[in-house]
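Enquirer: quick one, what's the 3D model for this:
(one chain, ligands or ions: 2)
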Amino acid sequence: MAVTNGLFYHILAFTSCVAFIYFSFRDLKDDFRSHFLENKPQVRFVERNGTQFFLGGKPFYVNGWNSYWLMDQAVEESTRPRVSTIFRTGSQMGLTVCRTWAFNDGTHNALQISPGRFDERVFQALDGVIEEARSHGIRLILSLANNLDAYGGKSQYVKWAWEEGVGVSASNDSFFFDPSIKSYFKSYLKTLLTRRNHMTGVQYKDDPTIFAWELMNEPRCSSDSSGRTLQSWIEEMSAYVKLIDQNHLLTVGLEGFYGPTSPPDKLSINPGEWFSMLGSDFIRNSKIPTIDFASVHVYPDSWMVHADITEKERFVSKWVKSHIEDGEKMLNKPVLFTEFGLSTEANGFDHAHRLLFYKSIYDTIYESAKRNGAGSGAFIWQLIVEGMEILFHDTFAFVPESIPSLHSLLKEQSCRLATLRYGSDLVKQFSKNVCE
Ligand SMILES: *[C@@H]1O[C@H](CO)[C@@H](O)[C@H](O)[C@H]1NC(C)=O
Ligand SMILES: *[C@@H]1O[C@H](CO)[C@@H](O)[C@H](O)[C@H]1NC(C)=O
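Expert: Numbering: from 1, shown residues only. Ligands and ions are numbered 1, 2, ... in the order given. As a prediction, this is how the structure comes out:
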């Protein structure tokens, strides 16, 4: 069943109409100011030159966040308001980019019901998410598949290939090499990238609200620890994305583990020896010319289950700095820490420690930004809104207003990055008064 004209869309259409009139008037009055006002309908793509992102000719450092659930929650009318609430919350903390899932393969509220079959109702929900982001001055990193089982993942593609009698291997890693599965995935990529947003009429590939595409959330291919299988999948799929869409930046979605082709001093930075055997290979994978920037995750709790807090802190500091250095010396590309978090259920968890841990990541990004370095931003995992605490509590998620110390920390990071961009005289104006 297709949702044609929900209340959500009426309200949106009305708001953007008012915004349009407002900004047209402003344009006449003060062309210079409105040219730089990022809250107006966005017209510019984020670009990259060397190790930095640029927006409107100036370096762009990101304070971002994860809310993977946006499309899913936008499908049903009863949960849809959560999408605008989180964008409003993010925008009030000066956050500028949200990373979220643009896939749901074969599960509840699936976007892709079966290979090549899409639910228009869910596509319209995703259209709405993009439009809501734009109206709040937020850009999106849209992830295109999952290595894990949540929302389908690579195992769902493998299952489909078996159901259709074309699968060449039962291994879930056949996602990366089975010809039929690769063509399923390409057909999904093409459908998504050329999707015309029913609210704006703009094709996704032409929509600057999208900051970047991410091929897959946390790809691993442990059945081939040489890394060759994953490497050639990234080469093939990134080239395919670029064939259709030359506007957007593209990243892999890696966790950042150093693989078999890394120098020994880099291998020793991995959280443990076996992390080099997972089939991913950070430097080699990120070097591929059709990949525009590197992505890294930071999860000391899951990667170093038995380490104490001091060891974890030491690891995190080395991990973040090492990847920024890779961006500068090996890749000549920006590096985004697209997920970081501490679990409230980890051994010895305490709030004060989490605050310090998050602050240390933000400090490193800020220091990098100050010297025009490759450390281009960090995305906290993850923000939710009131009413989601139970169903969406993955032990990392929190409602920003409910933890004032974290809320201020996020805002402070936004404001120091905004101050670098606009200068202390203009930051108040350009941050919509979020920053003093
Ligand atoms: C990228 O940066 C280099 C070095 O700063 C500069 O010479 C070049 O013009 C820039 N390219 C673009 C497309 O802005
Ligand atoms: C693939 O993943 C699914 C879902 O996690 C699992 O049930 C299945 O056993 C896996 N297949 C193989 C061959 O490991």
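Enquirer: check which helix or strand covers the residue lying closest to N197 once chain neighbours are set aside.
Expert: Once flanking residues are discounted, N197 sits nearest to D127: 4.4 Å by C-beta to C-beta, 6 or more residues apart in numbering. From N, CA and C alone the C-beta is placed, and that goes for glycine too. For D127, the host element (DSSP states H and E) is helix 120-135.
Enquirer: can you give me the buried ones in that helix?
Expert: Residues 122-135 are the ones in helix 120-135 that count as buried (16 or more other C-beta atoms under 10 Å).
Enquirer: one more: stretch 111-118?
Expert: 111-112, 115, 118.
Enquirer: can you tell me which two in those residues are farthest apart?
Expert: L111 and P115 (12.4 Å; C-beta to C-beta).
Enquirer: do you know the pLDDT at F177?
Expert: Note for F177: predicted pLDDT of 98.
Enquirer: check contacts around the residue nearest to it when sequence neighbours are not counted.
Expert: Leaving aside its chain neighbours, F177 sits nearest to T229 (5.6 Å; criterion: C-beta to C-beta, 6+ apart). Contacts for T229 (C-beta atoms under 8 Å, 6 or more residues apart in numbering) come out as 173, 176-177, 221, 223, 279.
Enquirer: now for those, which pair is the farthest apart?
Expert: For the contacts of T229, the maximum inter-member distance is 11.3 Å, found between F177 and G279 (C-beta to C-beta).
Enquirer: which of the two has more residues huddled nearby?
Expert: G279 (25 against 20; other C-beta atoms under 10 Å).
Enquirer: contact partners for the more buried one?
Expert: Counting by C-beta under 8 Å, 6+ apart, G279 has contacts 173, 220-227, 229-230, 259.
Enquirer: now, the residues you listed that are in helices?
Expert: 229-230 (DSSP state H).
Enquirer: and of the contacts of G279, the nearest to P404?
Expert: Looking across these and measuring by C-beta to C-beta, the closest to P404 is R220, at 37.0 Å.
Enquirer: confidence score at the closest one?
Expert: Reported pLDDT for R220: 98.
Enquirer: my read is that L70 contacts N104, right?
Expert: No: if you go by C-beta atoms under 8 Å, L70 and N104 don't touch, sitting 11.1 Å apart.
Enquirer: quick check: residues of the protein near ligand 2?
Expert: Contact residues (C-beta under 6 Å from any ligand atom) of the chain with ligand 2: 149, 155, 170-172.
Enquirer: mind putting these into JSON lines with pLDDT and secondary structure?
Expert: Below are the residues of the chain next to ligand 2 laid out as JSON lines (pLDDT from 0 to 100; DSSP: H, G, I helix; E, B strand; the rest coil):
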{"residue": "D149", "pLDDT": "97", "secondary structure": "coil"}
{"residue": "S155", "pLDDT": "98", "secondary structure": "helix"}
{"residue": "A170", "pLDDT": "94", "secondary structure": "coil"}
{"residue": "S171", "pLDDT": "97", "secondary structure": "coil"}
{"residue": "N172", "pLDDT": "98", "secondary structure": "helix"}
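Enquirer: with that, I have no additional questions.
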